[in-house]
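**Q** okay, sequence plus prediction incoming.
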Amino acid sequence: MEGKEKNKIILMGTVLGALTGAAAAFVLIKRAESEHTKPKLSPGEGLQVGLGLLGLLRLIAGFGED
């Protein structure tokens, strides 16, 4: 794979990751506003998010394998 292709893929991944993070923060803030509380993430919710992200990374890493 050429350097230009690698840079393009890394840039796309960075932009998608940033947009996903911003969307998650937006949802967290909206939930807090609807409940009239401060935005917070419990340890259990944080663990669920982390494990979900690990599962997603494993899925992405498995693409292209036979």
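**A** Cool, got the structure. Residues are numbered from 1 along each chain as shown.

**Q** contacts and neighbour counts: CA atoms only from here.
**A** Noted.

**Q** poorly predicted segments of the protein, please.
**A** 66 (pLDDT under 70).

**Q** could you pull out the helices in it for me?
**A** Ranges of helices in the chain, per DSSP state H, are 3-35, 43-61.

**Q** tell me how far the longest one lies from the chain's centre.
**A** When you say that, I think you mean helix 3-35. 6 Å (Cα atoms, centre = their mean, to the nearest Å).

**Q** tell me what it is packed against?
**A** Helices and strands touching helix 3-35, as assessed by 3 or more Cα pairs under 8 Å, 6 or more residues apart in numbering; DSSP states H and E, are absent.

**Q** mean neighbour count added to the helices of the chain, as TSV?
**A** Below are those laid out as TSV (neighbours: other Cα atoms under 10 Å):
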stretch	mean neighbour count
helix 3-35	12
helix 43-61	11
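
**Q** count the residues that sit near the spatially closest residue to residue 29 that is not a sequence neighbour.
**A** With sequence-adjacent residues excluded and distances taken as Cα to Cα, 6 or more residues apart in numbering, residue 29 is closest to residue 39, at 5.6 Å. A count of neighbours around residue 39, defined by other Cα atoms under 10 Å, yields 14.

**Q** shouldn't residue 39 be in contact with residue 27?
**A** No. Between residue 39 and residue 27 there is no contact under Cα atoms under 8 Å: 9.8 Å.

**Q** quick one: residue 6 and residue 53, what's the gap?
**A** Per Cα to Cα, to the nearest Å, residue 6 is found 22 Å from residue 53.

**Q** and if you look at residue 16?
**A** Residue 16 is 14 Å from residue 53, by Cα to Cα.

**Q** what do you get for residue 36?
**A** Separation of residue 36 from residue 53 (Cα to Cα) stands at 28 Å.

**Q** check residue 29 too.
**A** Taken as Cα to Cα, the span from residue 29 to residue 53 is 20 Å.
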